[in-house]
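S.K.: Predicted model, plus sequence, below.
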Amino acid sequence: MPYMRNGKRDYKTEYNRYHSRKREKIKRASRNAARREYEEKHGNLPASKDVDHIIPLSKGGTNSSRNIRAISRYINRSFKRTKKGAIA
């Protein structure tokens with residue numbers, strides 16, 4: 001991991017250099033909005049579930065209700081990714 005110091009993950013540096021970028025904040029807000037919208041229609045999701053975009057946002061998908069579904073967190077986070085984090 002790029003944000004390691006003395007064998008431990010440096011969360012503060014990671015946030016300052018990456019997660020605090022305007023583009024990342026917009027993407028995070030978009031993901032949170034999709035989860036809220038899904039939960040309004042289908043009820044609260046357990047912590048073990050993620051809201052997944054059928055067509056990924058990185059490939060032109062939207063946050064419309066027709067493009068989101070609930071799947072297990074393990075499955076959602078196990079897709080092959082590119083170096084930039086997009087689904088391959």
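M.R.: Good, I have the coordinates.

S.K.: okay, CA-based contacts and neighbour counts for the rest of this
M.R.: Will do.

S.K.: Are there helices or strands packed against the lengthiest helix in the chain, and which ones?
M.R.: Counting residues, the longest helix in the chain under DSSP state H turns out to be helix 22-42. Using 3 or more Cα pairs under 8 Å, 6 or more residues apart in numbering; DSSP states H and E, the elements in contact with helix 22-42 are strand 49-53, strand 68-72.

S.K.: what's in contact with the first one?
M.R.: What it means is strand 49-53. Where contact means Cα atoms under 8 Å, 6 or more residues apart in numbering, the residues beyond strand 49-53 that reach it are 34-35, 38, 61-63, 67-73, 76.

S.K.: which of the residues you listed count as buried?
M.R.: Those of the contacts of strand 49-53 that meet the buried threshold are 34, 35, 38, 62, 63, 67, 68, 70, by 16 or more other Cα atoms under 10 Å.

S.K.: As a markdown table, those residues with distance to residue 16 would be great.
M.R.: Output for the buried ones among the contacts of strand 49-53, formatted as a markdown table (distance: Cα to Cα, whole Å):
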| residue | distance to residue 16 |
| --- | --- |
| 34 | 25 |
| 35 | 25 |
| 38 | 30 |
| 62 | 28 |
| 63 | 27 |
| 67 | 32 |
| 68 | 30 |
| 70 | 31 |
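
S.K.: Which pair of those residues spans the longest distance?
M.R.: 62 and 70 (15.2 Å; Cα to Cα).

S.K.: re the thing from before, okay, the angle between the longest helix of the chain and strand 49-53?
M.R.: Angle of helix 22-42 versus strand 49-53, following axes from the mean of the first three to the mean of the last three Cα atoms, to 10 degrees, is 110 degrees.

S.K.: Identify each buried residue in helix 22-42, please.
M.R.: Here helix 22-42 shows 31, 34, 35, 36, 37, 38 as buried, counting by 16+ other Cα under 10 Å.
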